[in-house]
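Q: next come a sequence and a model predicted from it.
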Amino acid sequence: MRAGRQSVDNSRISFCPSCADGILAIDLSLRLAAPMNETVAEWRSHPAHGKWAVAGVPKKGWVCLGVEDLEQERQTCGMCEKEKIRYVQHMWHADYPEVLPCGCVCASHMEQDYVSARKREQRMKRRARRTSSWLDMKNWHLSRSGNWIIRKNGYRMVVYGPPGRLQVAVTSPECGETTFGRKYYECLRDAQLGTLVAFEWAQRHPV
Ligand SMILES: [Zn+2]
């Protein structure tokens with residue numbers, strides 16, 4: 001059932017009895033204000049486990065310090081201690097001694113802001129898709145001198161140097177000026193990601 005001002009049926013929601021009231025209050029007040037089509041069913045699938053049920057752990061007023069994409073790794077959400085998360089939101093609270101790595105649903109409740117937590121996760125997902133497509137070797141070719149090259153929007157990015165000491169450079173489309181990165185990379189994958197950073201930098205700093 002979709003939640004709305006007239007359509008919330010509290011009797012159908014079952015929460016951990018030790019913390020149900022608190023979570024329900026937070027959940028419904030936010031849900032009614034949220035522009036996104038959250039459903040009660042979605043929250044039911046993410047029940048009040050872990051620290052949600054622990055007295056003394058703040059349930060609201062958290063702030064997101066930053067986000068992290070674990071890529072292949074998975075971590076258990078620090079708040080519900082149940083959800084396995086790839087996209088981590090590092091949540092901080094003045095009255096809690098440590099920063100908690102949390103998933104999007106818990107983060108949105110802790111922060112009492114559905115939209116921001118969602119947007120942060122969506123940004124990470126977009127970035128992950130972009131990175132994965134950038135690393136796809138079909139987009140790369142090996143020059144005769146042994147350098148890996150990728151082209152995008154007229155920019156030409158190259159990975160060069162001996163194994164273990166790879167560097168990147170970007171050539172802008174307008175004037176053909178090449179900017180050389182100062183950083184060294186041990187492996188090709190990291191250097192290729194370095195070219196993505198160089199590409200984004202070059203777009204922000206047109207010659
Ligand atoms: Zn969680």
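A: Arrived safely. Numbers count the residues shown, from 1 in each chain.
Q: every contact and neighbour count from this point should use C-alpha atoms.
A: Will do.
Q: name the helix or strand of this structure that has the lowest mean pLDDT.
A: helix 20-33 (a mean of 37; mean pLDDT, DSSP states H and E).
Q: and the one residue sitting closest to the centre of the chain, what element?
A: For the chain, the residue nearest the mean C-alpha position is Met124 (3.2 Å; C-alpha atoms, centre = their mean). Using DSSP states H and E, Met124 falls within helix 114-135.
Q: hmm, the residue nearest to the centre of the chain is touching Asp69, no?
A: Yes. Met124 is within contact range of Asp69, at 6.6 Å (criterion: C-alpha atoms under 8 Å).
Q: now for the two: what residues contact both?
A: Tyr87 (C-alpha atoms under 8 Å, 6 or more residues apart in numbering).
Q: if I look at the nearest residue in space to His93 that is not next to it in sequence, how far off is Glu177?
A: In space, and not counting its chain neighbours, His93 is closest to Trp62: 4.8 Å by C-alpha to C-alpha, 6 or more residues apart in numbering. According to C-alpha to C-alpha, to the nearest Å, Trp62 and Glu177 sit 46 Å apart.
Q: looking at those two, which one has more neighbours?
A: Between Trp62 and Glu177, counting by other C-alpha atoms under 10 Å, Trp62 is the more crowded of the two (22 against 11).
Q: isn't the more buried one right next to Met110, touching?
A: Yes. Contact criterion C-alpha under 8 Å: Trp62 and Met110 qualify, at 5.4 Å.
Q: returning to what we had before: packing partners of the following helix or strand past the helix holding Met124?
A: Counting by DSSP H and E, the element after helix 114-135 in chain order, helix or strand, is strand 141-142. Strand 141-142 sits against strand 148-152, with contacts defined as 3 or more C-alpha pairs under 8 Å, 6 or more residues apart in numbering; DSSP states H and E.
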